[in-house]
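Engineer: need a 3D model of the sequence below.
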Amino acid sequence: MKVLVLGGNGFIGSNLVDQLVAAGHRVRVYDRSPPKLSEHHLKLEYQCGNFNDITSISQALHDIDIVFHLISSSIPSSSNLSPANDVRDNLVDTIGLLECMRKMNIRRIIYM
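Structural biologist: Presented below is the predicted three-dimensional model:
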């Protein structure tokens, strides 16, 4: 199965990526940070970009069967100070992802 892990460089994401690769899945990581090399780094694709860049997200979704969504910019202190920014950075961008997935007929997402 061809899997896209959004936020695959974080603690949870990198562990998920290791498990998916070990299980034989073809994995593409999308993250804003440069890749962290794991023991499986030669077995994955990596795309660096921002979650709010729908063109880049569309490219990352090409030929994908399932999406694991681990991206979040919520931090309690900043979320409380600026809830509108938190909604824009998380909810609105996720709606953009879902719309892009719908257009590309990708029907499976796991939101973590």
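Engineer: point to the residue nearest the middle of the protein.
Structural biologist: Leu6 (0.9 Å; C-alpha atoms, centre = their mean).
Engineer: that one and Leu70 touch, don't they?
Structural biologist: Yes - Leu6 is within contact range of Leu70, at 6.0 Å (criterion: C-beta atoms under 8 Å). C-beta here means a position set from N, CA and C on the backbone, and glycine is covered the same way.
Engineer: okay, and the common contacts of those two?
Structural biologist: Applying C-beta atoms under 8 Å, 6 or more residues apart in numbering, one finds that Leu6 and Leu70 are jointly contacted by Gly13.
Engineer: which outside residues touch stretch 48-61?
Structural biologist: By C-beta under 8 Å, 6+ apart, the residues outside stretch 48-61 that reach it are 4, 6, 28, 30-35, 47, 67, 71, 73, 89, 93, 96-97, 100-101, 104, 106.
Engineer: ranking helices and strands of this structure by mean pLDDT, which lands last?
Structural biologist: Lowest mean confidence among the helices and strands of the chain (mean pLDDT, DSSP states H and E): helix 76-81, at a mean of 73.
Engineer: now the element after it, going C-ward?
Structural biologist: Using DSSP states H and E, the helix or strand that follows helix 76-81 in sequence is helix 83-87.
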